[in-house]
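[1] The following comprises the amino acid sequence and a computationally predicted model.
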Amino acid sequence: MTLEVRSLTVRFPGPSRRDPEVTVLDTVDLTVPTGRIVSVLGPSGSGKSTLLRAVTGLVRPTAGTVHWDGQDLTTVPPDRRGFGLMFQDHALFPHRDVAANIAYGLEMKGLDRRTVASRVAAMLDLVGLDDRAGARIDQLSGGEQQRIALARALAPEPRLLLLDEPLGALDRVLRDRLVNDLARMLRQVGTTVVYVTHDQDEALAIADHLVILRRGRIEQEGPTEEVWRRPRSEFVGRFLGMTNTFPGRIVGGRIDLGWTTLDAGDHSRAGEGNPVTVMFRPAAVVVEGPEGPGPRAVLRQRQIRGDRIQGVFGVGPGDDVVHVDLGLATEPAVGDTVTLMIDPAQVATAPCP
């Protein structure tokens, strides 16, 4: 069974009657096969949550259709689509204990008590909270509430599960700890999933297919690793961590950046002499001594970035800037001259806009 979104467009009224409508989604086409975990990724305002709500039926499309297994669901009410939905705030019922929260969707389906109890027990086992069945919601930590919300969404065995920033309300440490558990649980149940987030690390850890949204349109989609390695635009590259971005040109099987050249490899498809945007991550660069074969660079600044130190280097006559992840054993001081080696295998190119 497959989810198909065809030419989906959503427009909202402007702030006043005189203002034009605001297009939030613009002719979006998306196919999600059975069992796939798709992450819809993009900055705030790109249309991610609106796409999810249009799929569930909470937002009525201005144009286009939503199909499941060939059936047009565009006018079918949300409660008749057989989809599960989990929001950022979890929306757990404070007057029900943990088991009763998980049982809610099963009771709405009219299942008998024995079936409900068995399914609740299975869900508690899945999320690792077997001992919390009788706990009140206000007795749970944020991470536990997130797990119970997931269990409640999965309990009725939805044919499609949609998650809208499910970890967004948690602090970074807790999110990092839970993301791998969430990925494991989703794969274990085998449910088809559409996972909305603005956090690239979260999306990369969970999804096997990425959809990058920009201003209501799909900028790029494909298998997660493929999109991560080969972004097809500067926007996607920067959004996925390729903070080193330079104009370049294909010349004689090399990529000419002005201050250095790189093996063009497959990038030669852009054509001899054609301008390209060259992108690579800080981790693609290795710092060597001042007499190395790479371009010379001067360390301008050292920045602490969470679990790593990042160096900001000036290179070339135009004084371009290259960001480099520095290992703990690499200790150039600000003002030191070094050389940089860029791994061509970690370089992506895109047509110049």
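    Alright, I've got the coordinates.
[2] Now do residue 272: how many residues are near it, please.
    When neighbours are counted by other C-beta atoms under 10 Å, residue 272 registers 11. The way it works is simple: take the backbone N, C-alpha and C, and place the C-beta from them, glycine included.
[3] Next one: the residue nearest to it when sequence neighbours are not counted, what pLDDT does it get?
    Nearest non-adjacent residue to residue 272, counting by C-beta to C-beta, 6 or more residues apart in numbering: residue 250, 5.8 Å away. pLDDT for residue 250: 91.
[4] again, but for the one 10 residues further on
    Residue 260 carries a pLDDT score of 93 in this model.
[5] For it, which non-adjacent residue is spatially closest?
    Nearest residue to residue 260, sequence neighbours excluded (C-beta to C-beta, 6+ apart): residue 295, at 4.1 Å.
[6] show me the contacts for the one you found.
    Counting by C-beta atoms under 8 Å, 6 or more residues apart in numbering, residue 295 touches 259, 260, 315, 316, 339, 340.
[7] which among these gets closest to residue 131?
    residue 340 (53.4 Å; C-beta to C-beta).
[8] so what's the backbone phi/psi at that closest one?
    Main-chain torsions, residue 340, degrees, to the nearest 10: phi -120, psi 130.
[9] Can you report how many residues lie near it?
    Residues lying near residue 340 (other C-beta under 10 Å) number 20.
[10] Who is it paired with across the strands?
    residue 287 (DSSP bridges).
[11] returning to what we had before: are any of the contacts of residue 295 buried, and which?
    259, 260, 315, 316, 339, 340 (16 or more other C-beta atoms under 10 Å).
[12] thinking again about what came up before, quick one: which helix or strand includes the residue nearest to residue 272?
    Counting by DSSP states H and E, the element that carries residue 250 is strand 244-251.
[13] quick one: strands adjacent to that strand?
    strand 254-256 (antiparallel), strand 275-280 (antiparallel).
[14] Relative to residue 165, how far out is residue 12?
    Between residue 12 and residue 165 the computed distance is 20 Å (C-beta to C-beta, to the nearest Å).
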